[in-house]
Each structure stands twice: as C-alpha cells, then as structure tokens.
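A.B. asks: using only what follows, build the 3D model:
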Amino acid sequence: MQFVIAFLKKLPLVPIGALIVGLLLGLGIGWSTKEFKDADPSYLRADLQEDYLRMAIDSFRLNQDPNLAVQRWDNLGLGATDAYNKVQADPRAADPAVVRAYGELIARIKESSGLPTTPEAGGSSMWKTILLVGGVVALVVFLGVAGVYLWRLLRKRGGGEPTPVMQAAEISKHAEKTNFEQLGLAPPITQTMTTYVLGDDLYDESFSIDTQGGEFLGEYGVGVSEAIGVGDPKKVTALEIWLFDKNDIKTATKVLMSEHAFNDAGIRSRLEPKGELVQVEPQAQILLETATLQLLATVVDLEYGRGSMPQNSYFERITLELAIWPKGGG
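C.D. replies: Numbering: from 1, shown residues only. Prediction:
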C-alpha cells in the first residue's frame, strides 16, 4: 500500500489530467463536427431514412431481387423498422400491397437466417461506445488518483507541517512592531511586518498606502530579486524593496543583498540597474524616498542558510518592518 501511495504522489497529475480532459473534449468536438463522405443511410435523419425506404420499396416493385431488398434494409441500421412502420402507416403513392410484400420478404429472410429484423448498429457505433466508455473510465481513474493525492496533501498539512508561507505569516504575526512615538517620531501612515522563509519561491508582497480618509497615496512592497545556485528551493541572495508614489513619476527601489552577494562583482553588476545596492545586516535601517513619501525598512530578524553554498550567501529567513510617512513627517 505504501508503494502505491508513493507512486501516486510522484505522478504529474496536472499534465495527466489535462491530457485526459483534452482527449475527451477532442472526441466530443470530433463527433459533433465531423464530415461524412460516402456514408451509409443509417446516418441520415429519420425523415430522410423514410424517403430512402420508400425508394427501396418502389425499386422492389420493379426489381424483386431479395438480396438487394435485404441489403437496402440493412443499410438503414437501427432506423429500418421505424421507417417501415411510417411507410406502412402512410403509403402515399406506394402500393400498400407492395409495402406489405416487402416487409414480409424481409421478415422471412431474417427469420430463416436467424437474424433479428432490426440489424445492430455498424462498427462505427461500436467504436463510439468503446471510446466513450474508455473516456469515462479514464476520467474516473484520474479523479480517484487526484482525490487520493489531495487527501494525502490535506492530511499532511493538517498534521503540523506548515508550508514556508504559513511559517512566514506566523513569524510576522508575532514580530514586535516598533513604537515610533516613543522614539519621538510621528506615527506612520501604515506599518507592516513581512517575512521571507526559504522555500517560498514566489515571495512577492505589496501593500497599499491610504490616508485615514481613504485617499490612495501609493504602494510599496518587497520581493525576490536574485537567487544563486540550482535546484529547489530557490536560494534567494537578494530582495528588492520598492516605493511607488502617485505624485512621483519614478518608483524608488533598493536591493537588499546578502553579504556574499554584496561582495560578488558579478552579482553586483547584474543588480545595479535595479536600484541602490545595500548589504543586509541585523537591525539595519534602509530609507526610500519619493516626492511626497518616505519608507523606512528595518531588518528585524536575519538568518542565513547553511549548506554547500558559500557562507552568508542566501537567506534562510528574513523579517522586515516597513513603515511609511509623508515626506518630512518622519
């Protein structure tokens, strides 16, 4: 059982699901839009099948070839009996006696050969059924595998193994914010804690700046700027912090770099176009200014990763406090 579960966890469920859904959609679209050439009368509408049988009966009146009569009957497939009943109920220009004779001939030949009067659908119908059943079975199997995988994933997450995003949120929640009023500063417009934890490859936080009256002033945020090495998770060696002011045409940006990245000429050359380069240190403060706003970022907590990479080259964890004031108010 453990082997089966391990195998299911390794399956690329999304590509497999996309393939199955694509096949089912393709089959459905193909059946609804395909064009026939030289198809037999069994694919005609019911009224056209009736017209075909009337012509077959009229031909039988002139040429009473039993083989030809049966062949034309079989060409109608499952619709033959219904078409005959309609012709018999309303012969129109046909001689009722000829209609009755045609039906009796078909019944006699079918009974003598042990075949039902109404033939089974042709091979195309059989393949339709096989494909439809196969598609349904494949869909059920996929849903079952996906259900097992999701159940395992949810049970795992519910069993005390938080994701990096959950860990970061918990750290930010319990981080103590600076009381700027005690330091003799005006209270900031907004004050936020944000944390990056190794494994959060999509780390990218952004926040709105609004007055108490609801007026929009701008936005600010922080995200991954540079990673080193290969493999998962990403080894983040630099973060990018930015401040957007609606009254300024330029967004202020600074790059917070690990000790290794700050001293690496190659990394510095790649990151210099993004903004001013700053080496991250515990309790360091970084100031960003625009025309009417200023942002003070404080490195509340910093821990480097340990492994085969160079010393102090990537972040295991970093918590930043971001506080915003109007220009001249901090």
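A.B. asks: ok, the most far-flung residue of the chain relative to its centre to Gly77 distance?
C.D. replies: Distance to the chain centre peaks in the chain at Ala97, reaching 64.9 Å (criterion: C-alpha atoms, centre = their mean). Using C-beta to C-beta, to the nearest Å, Ala97 is found at 27 Å from Gly77. From N, CA and C alone the C-beta is placed, and that goes for glycine too.
A.B. asks: equivalent analysis for Asp248, please.
C.D. replies: For Asp248 relative to Gly77 (C-beta to C-beta), the value is 76 Å.
A.B. asks: of those two, who's got more company?
C.D. replies: Relative neighbour count places Gly77 above the other of Asp248 and Gly77, with 20 against 16, counting by other C-beta atoms under 10 Å.
A.B. asks: is that one in contact with Ser42, as I believe?
C.D. replies: Yes - with contact defined as C-beta atoms under 8 Å, Gly77 reaches Ser42; the gap is 3.2 Å.
A.B. asks: and the strands in this structure?
C.D. replies: 190-197, 204-210, 216-228, 235-245, 252-257, 276-279, 285-289, 293-304, 315-326 (DSSP state E).
A.B. asks: restricting to C-alpha, output the fifth one in PDB.
C.D. replies: It refers to strand 252-257. Extracted C-alpha coordinates of strand 252-257, given in PDB (Å, rounded to 0.1, in the frame of the first residue of the first chain):
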ATOM      1  CA  ALA A 252      12.100  54.300  -5.600                       C
ATOM      2  CA  THR A 253      13.900  51.000  -5.400                       C
ATOM      3  CA  LYS A 254      16.700  49.500  -3.300                       C
ATOM      4  CA  VAL A 255      18.200  46.000  -3.400                       C
ATOM      5  CA  LEU A 256      18.900  44.200  -0.100                       C
ATOM      6  CA  MET A 257      21.800  41.800  -0.700                       C
END
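A.B. asks: how far does it sit from its chain's centre?
C.D. replies: Distance, stretch centre to chain centre, for strand 252-257: 34 Å (C-alpha atoms, centre = their mean, to the nearest Å).
A.B. asks: quick one: list the elements packing against it.
C.D. replies: strand 216-228, strand 235-245, helix 265-271, strand 276-279, strand 285-289, strand 293-304 (3 or more C-beta pairs under 8 Å, 6 or more residues apart in numbering; DSSP states H and E).
A.B. asks: tell me the most buried of the ones you listed?
C.D. replies: strand 235-245 (a mean of 23; mean count of other C-beta atoms under 10 Å).
A.B. asks: just checking, what packs against that strand?
C.D. replies: Using 3+ C-beta pairs under 8 Å, 6+ apart as the test, strand 235-245 ends up in contact with strand 216-228, strand 252-257, helix 259-262, helix 265-271, strand 285-289, strand 293-304, strand 315-326.
A.B. asks: quick check: mean pLDDT across the longest one?
C.D. replies: Right, the one you point to is strand 216-228. Across strand 216-228, pLDDT averages out at 94.
A.B. asks: any regions of the stretch 101-250 of the chain where pLDDT drops low?
C.D. replies: For the stretch 101-250 of the chain, applying pLDDT under 70 flags the ranges 114-129, 131, 149, 151-160.
A.B. asks: go with 90
C.D. replies: Applying pLDDT under 90 to the stretch 101-250 of the chain flags the ranges 101-163, 181, 183-185, 211-214, 229-233.
A.B. asks: which parts of it are helices?
C.D. replies: Assigned by DSSP state H, counting those that start in this stretch, the helices in the stretch 101-250 of the chain fall at 123-157, 164-174.
A.B. asks: CA atoms only: put the last one into CSV for me.
C.D. replies: What follows is helix 164-174, C-alpha atoms only, in CSV (Å, rounded to 0.1, in the frame of the first residue of the first chain):
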residue,chain,number,x,y,z
PRO,A,164,7.0,28.2,4.2
VAL,A,165,4.2,30.8,3.5
MET,A,166,2.4,29.7,6.7
GLN,A,167,5.7,29.9,8.7
ALA,A,168,6.4,33.4,7.4
ALA,A,169,2.9,34.6,8.2
GLU,A,170,3.3,33.2,11.8
ILE,A,171,6.6,34.9,12.3
SER,A,172,5.3,38.2,11.0
LYS,A,173,2.3,37.9,13.3
HIS,A,174,4.4,37.6,16.4
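A.B. asks: could you check the angle it makes with strand 293-304?
C.D. replies: Put simply, helix 164-174 runs at 120 degrees to strand 293-304, going by axes from the mean of the first three to the mean of the last three C-alpha atoms, to 10 degrees.
A.B. asks: which residues sit against helix 164-174?
C.D. replies: Here helix 164-174 makes contact (C-beta atoms under 8 Å, 6 or more residues apart in numbering) with 162, 193-200, 203, 233, 301, 317, 319.
A.B. asks: the same query, at a cut-off of 6 Å, please.
C.D. replies: 193-195, 197, 199-200, 319 (C-beta atoms under 6 Å, 6 or more residues apart in numbering).
A.B. asks: do stretch 75-95 as well
C.D. replies: Applying C-beta under 6 Å, 6+ apart, the set of residues contacting stretch 75-95 is 40-42, 49-50, 53-54, 57, 73, 99, 103, 118, 121.
A.B. asks: which ones among those residues map onto helices?
C.D. replies: Within the contacts of stretch 75-95, residues falling in helices by DSSP state H are 49-50, 53-54, 57, 73, 99, 103.
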